[in-house]
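> requesting a structural model of the entry that follows:
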Amino acid sequence: MNSRPTGPANGPDTHDTEARLREAMESLAGAVHAAPGAYDTARRHWRRRARRRRRVLAQGG
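Predicted coordinates for the structure are as follows:
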């Protein structure tokens, strides 16, 4: 029933795997850049939805 491994928690390849994963994630994070104006666009959409929601609630919806 227990699906967890029964061996030692830190095997011989743990540090190598962690280092490789850390390097891959750092590389990926370094390549990600937000689109210019993405925050403003998202904020505009959020505010529009909020206005619609308030309008519907005010109408008794």
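> C-alpha coordinates for the top helix by length along the chain, CSV please?
Longest among the helix segments of the chain by residue count, using DSSP state H, is helix 38-58. Written as CSV, here are the backbone C-alpha positions of helix 38-58 (Å, rounded to 0.1, in the frame of the first residue of the first chain):
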residue,chain,number,x,y,z
ALA,A,38,1.5,42.9,-19.6
TYR,A,39,0.7,44.2,-16.1
ASP,A,40,-1.3,47.2,-17.4
THR,A,41,-3.2,44.9,-19.8
ALA,A,42,-4.1,42.4,-17.1
ARG,A,43,-5.1,45.2,-14.7
ARG,A,44,-7.4,46.7,-17.4
HIS,A,45,-9.1,43.3,-17.9
TRP,A,46,-9.5,42.8,-14.2
ARG,A,47,-11.0,46.3,-13.7
ARG,A,48,-13.4,45.7,-16.6
ARG,A,49,-14.6,42.4,-15.1
ALA,A,50,-15.0,44.1,-11.7
ARG,A,51,-17.1,46.8,-13.2
ARG,A,52,-19.3,44.2,-15.0
ARG,A,53,-19.7,42.2,-11.8
ARG,A,54,-20.7,45.3,-9.8
ARG,A,55,-23.2,46.4,-12.6
VAL,A,56,-24.8,42.9,-12.6
LEU,A,57,-25.1,42.9,-8.8
ALA,A,58,-26.6,46.4,-8.8
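> helices or strands up against that helix?
Helix 38-58 sits against no helix or strand, with contacts defined as 3 or more C-beta pairs under 8 Å, 6 or more residues apart in numbering; DSSP states H and E. No exception for glycine: its C-beta is placed from N, CA and C like everyone else's.
> tell me the average confidence for that helix?
Averaging pLDDT along helix 38-58 gives 95.
> how far is that helix from where the chain is centred?
Mean C-alpha position of helix 38-58 versus that of the full chain (C-alpha atoms, centre = their mean, to the nearest Å) differs by 22 Å.
> same thing with stretch 24-37?
12 Å.
> just give me the residue right at the centre of the protein.
Ala29 (11.7 Å; C-alpha atoms, centre = their mean).
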